[in-house]
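1. Fold the stuff below for me.
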Amino acid sequence: MKLLIQNMVSLRCKLMVKSELDKLGIAYQSVELGEVQLAEPITDTLKNKLKEELHKSGLELMFDKKAILIEKMINIIVEMVHYSDEQPNVNFSTLLSEKMNRDYHKMAELFSRTKGVTVEHFIILHKIEKVKELIIYDDLSLTEIAYKMHYSSVAHLSRQFKQITGLTPSFFKSLSKKSRNSLEDL
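-> Numbers count the residues shown, from 1 in each chain. So this is what the prediction gives:
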């Protein structure tokens with residue numbers, strides 16, 4: 001039996017879900033972003049108890065087919081942008097279409113109506129968050145970050161970064177290097 005969970009977008013979420021499953025004595029085969037494969041079906045009572053416990057942490061068991069589709073799309077995007085070492089060799093629309101085995105245009109239309117943002121803009125927002133993370137870690141140059149995130153050039157990355165954040169990547173990097181003051185010094 002497969003359960004789908006909304007807002008489950010980090011490794012910490014996966015650990016929390018595993019902990020709740022263990023506490024309730026629910027056997028599972030795997031826990032992935034947004035999805036739990038149970039070892040065997042569970043009762044409605046146990047499912048409701050799990051729903052209550054997950055809700056306390058901001059996670060939701062999902063039953064609506066459209067919401068499940070949107071959440072699967074989000075999880076694919078988050079997985080590719082934040083947790084994959086390689087960006088896909090195909091564009092995101094092809095990747096989503098292949099992984100979901102559905103027509104991209106219909107999925108994109110549903111996504112836009114539901115989330116109030118296009119799939120493309122949602123992907124850009126996540127890519128810029130990943131770029132911020134890479135800038136803060138300071139392990140890669142801007143050229144290396146642009147290459148890693150599949151931007152055509154540093155200029156393209158910089159333009160998109162400024163559109164989203166209002167800052168240039170260089171200025172953002174200089175801000176992230178400033179030390180923080182303790183509360184007593186303010």
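2. Tell me the spacing between the closest residue to Leu38 other than its chain neighbours and Thr43.
-> The spatially closest residue to Leu38, leaving aside those adjacent along the chain, is Met1, at 4.4 Å (CB to CB, 6 or more residues apart in numbering). Bear in mind the C-beta positions are built from the backbone N, C-alpha and C, glycine included. From Met1 across to Thr43, the span is 11 Å (CB to CB, to the nearest Å).
3. same thing with Thr165?
-> Taking CB to CB, one finds Thr165 at 48 Å from Thr43.
4. what about the two, which has more around it?
-> Thr165 (15 against 8; other CB atoms under 10 Å).
5. wait, isn't the more buried one in contact with Leu175?
-> No - the criterion here is CB atoms under 8 Å, and Thr165 misses it with Leu175 at 10.4 Å.
6. what comes up buried for the longest helix that the chain contains?
-> Using DSSP state H to define each element, the chain has its longest helix at helix 119-137. Within helix 119-137, the residues that count as buried by 16 or more other CB atoms under 10 Å are 119, 122-124, 126-128, 130-132, 134-135.
7. Can you tell me which of those lies closest to Ser84?
-> Closest approach to Ser84 among the buried residues of helix 119-137 (CB to CB): Lys130, at 10.2 Å.
8. how close does that closest one sit to Met8?
-> 18 Å.
9. follow-up on the earlier one: so how far is the longest helix of the chain from its chain's centroid?
-> 10 Å (CA atoms, centre = their mean, to the nearest Å).
10. helices and strands around that helix, which ones?
-> Other helices and strands packing on helix 119-137, by 3 or more CB pairs under 8 Å, 6 or more residues apart in numbering; DSSP states H and E, are helix 65-78, helix 92-100, helix 104-115, helix 142-148, helix 154-165, helix 169-177.
11. Minimum distance to Cys13: which of those has it?
-> Ranking the helices and strands packed on helix 119-137 by proximity to Cys13 (CB to CB) places helix 65-78 first, at 10.5 Å.
12. For the closest one, which outside residues touch it?
-> Residues from elsewhere that reach helix 65-78, judged by CB atoms under 8 Å, 6 or more residues apart in numbering: 4-6, 8-9, 32-35, 62, 92, 95-96, 99-100, 102, 107, 110-111, 114-115, 119, 122-123, 126.
13. before we move on, what about stretch 19-26?
-> The contact list for stretch 19-26, computed with CB under 8 Å, 6+ apart, reads 28, 31, 36, 38, 42, 46, 49-50, 53-54, 57.
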